[in-house]
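*Asks:* the following comprises the amino acid sequence and a computationally predicted model.
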Amino acid sequence: MSANIDPTTLPLDESDVALLAALRALHAELDPVPAGLTDDVKFALTVQALHAEVAELTRLSADSALVRSVDYTRAETLTFTGGAFTTMVSIVGIGPDEVRIDGWVTGGAVRIELRERSRTSSVEVDEDGRFSFEQVARGMVQFVLYPLDHSPGGKPVITPSIDL
Amino acid sequence: MHTDTTSESLATRAAKAFAAYRGGDLHRMDELVDMLSPLLWHTARGQGLSQTGAQDVVQTAWLRLVENADRINEPQAVMGWLLVTVRRESWRVVKDSGRVAGEVPAEIVDKAPGPAAMAVVSEQNGALWDHFRQLTPRCQALLRVIAFSDKPDYAAISEALGMPLGSIGPTRGRCLAKLRESLTADPTWEGAL
């Protein structure tokens, strides 16, 4: 290797490329990135960015299956508790790829934000604390509650991700 | 010729997403997380961390990035910044556990795939794994990071592994040659060389 060649820009030959590809496949098979890692990171970043409190999933309907400890929940009715708020959410399939979400928040008036993979929408609860999202694509979502009465220390509350 | 110039490097794609994020397009952070987390994971694992340890370190690196986003002068530096953060955190964790920083502990390497995983691993990958882990820890860490870098950015890798920039090319060459030699000597190996 001559001294005037920058070793860091030496091209990999085809055989190197093939071997590195094999090593990549090897590690992807033997030591894969844990399935939930990127979702956990995104969740942590959102909590940090919002200075939010994290709600806990406190109840599932009887026929629900908890797939992972905190997130990834396939459920029809679930309840979250966090901060001053309790949120009950009911999910009804309205087609192969879509669901309707009806919910009820106790503890105060909030704007509730629905975070889907590629879009975010929000509604305010009505005077009884009810809200709904009528057409939601199946997939991972989470809710963020923003208190409306601007009480000091009224932090947003974020739920773990659920799998609709 | 070689493929490094046919499309943007991972570092450049990361820089674009990061620049957009800093410009106010906050959703681009998710894209950045998807893009770089595999590399960060394999970097942490290559430093000898357990699965849980590696997950914690990767998450910590992302939280630090958001806290320090304004202090990174060049978006192009974001991948290197994350890699350095993962390395430093990994070393801290390894040191706290009483091992020697920077060396991949043999017991971790041995444990990495686990007997259950090995049972379902293809024969070819099982053989490749056996040869790969005969390499020095330094070789293993370097090749692992390069394999996941996708048109490697050697400045970032240099920072990630604490290896002088000028020694990466030659070391890479030696490590690949060593692995190829070991595979060639294995009559059961039929894969790429």
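*Replies:* Yep, it's here.
*Asks:* what about the chain, any weak spots by pLDDT?
*Replies:* With no chain named, the answer covers chain A. For chain A, the stretches with pLDDT under 70 are A:1-11, A:61-75, A:150-153.
*Asks:* my question was about chain B
*Replies:* For chain B (pLDDT under 70), the answer is B:1-7, B:98-121, B:150-151, B:191-193.
*Asks:* residues contacting stretch A:131-144, please?
*Replies:* With contacts defined as CB atoms under 8 Å, 6 or more residues apart in numbering or on different chains, stretch A:131-144 is touched by A:39, A:43, A:46, A:50, A:52, A:71-72, A:80, A:87, A:89, A:94, A:97-105, A:112-117, A:121, A:123-125, A:156-164. Quick note: C-beta positions are derived from backbone N, CA and C, even for glycine.
*Asks:* is the helix or strand harbouring residue B:179 up against chain A anywhere?
*Replies:* For residue B:179, the host element (DSSP states H and E) is helix B:165-184. Yes - Helix B:165-184 is in contact with chain A by CB under 8 Å from any CB of the partner chain, via B:165, B:166, B:167, B:168, B:169, B:170, B:173, B:176, B:179, B:180.
*Asks:* if you count neighbours, what's buried in stretch B:168-176?
*Replies:* The neighbour-count check on stretch B:168-176 (16 or more other CB atoms under 10 Å in any protein chain shown) flags B:168, B:169, B:171, B:172, B:174, B:175, B:176 as buried.
*Asks:* next, count neighbours for the spatially closest residue to the third one that is not a sequence neighbour.
*Replies:* Spatial nearest neighbour of residue B:171, chain neighbours left out: residue B:142 (6.0 Å); criterion: CB to CB, 6 or more residues apart in numbering or on different chains. Look at residue B:142: counted by other CB atoms under 10 Å in any protein chain shown, it has 24 neighbours.
*Asks:* that older thread, what packs against the helix holding residue B:179?
*Replies:* With contacts taken as 3 or more CB pairs under 8 Å, 6 or more residues apart in numbering or on different chains; DSSP states H and E, helix B:165-184 sits against helix A:14-30, helix B:123-132, helix B:137-147, helix B:154-161.
*Asks:* same list, those helices, but as JSON lines with distance to residue B:23 please.
*Replies:* Formatted as JSON lines, these follow (distance: least, CB to CB, whole Å):
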{"stretch": "helix A:14-30", "distance to residue B:23": "32"}
{"stretch": "helix B:123-132", "distance to residue B:23": "41"}
{"stretch": "helix B:137-147", "distance to residue B:23": "29"}
{"stretch": "helix B:154-161", "distance to residue B:23": "22"}
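*Asks:* between those, which one is closest to residue B:20.
*Replies:* The minimum distance between residue B:20 and the helices and strands packed on helix B:165-184 falls on helix B:154-161, with 19.5 Å, by CB to CB.
*Asks:* and the closest one, anywhere near chain A?
*Replies:* Yes - contact between helix B:154-161 and chain A is present through B:154, B:155, B:158 (criterion: CB under 8 Å from any CB).
*Asks:* for the closest residue to residue B:32 other than its chain neighbours, pull up the helix or strand it's in.
*Replies:* Take residue B:32 and drop its neighbours on the chain: the residue closest to it by CB to CB, 6+ apart is residue B:17, 4.5 Å away. Using DSSP H and E, residue B:17 sits within helix B:10-22.
*Asks:* how far out from the middle of the chain is that helix?
*Replies:* Mean-position distance between helix B:10-22 and its chain equals 19 Å (CA atoms, centre = their mean, to the nearest Å).
*Asks:* what angle do that helix and helix B:154-161 make?
*Replies:* Interaxial angle, helix B:10-22 versus helix B:154-161 (axes from the mean of the first three to the mean of the last three CA atoms, to 10 degrees): 80 degrees.
*Asks:* quick check: buried residues in helix B:10-22?
*Replies:* Under the neighbour-count rule (16+ other CB under 10 Å), helix B:10-22 has B:10, B:11, B:13, B:14, B:15, B:16, B:17, B:18, B:20, B:21, B:22 buried.
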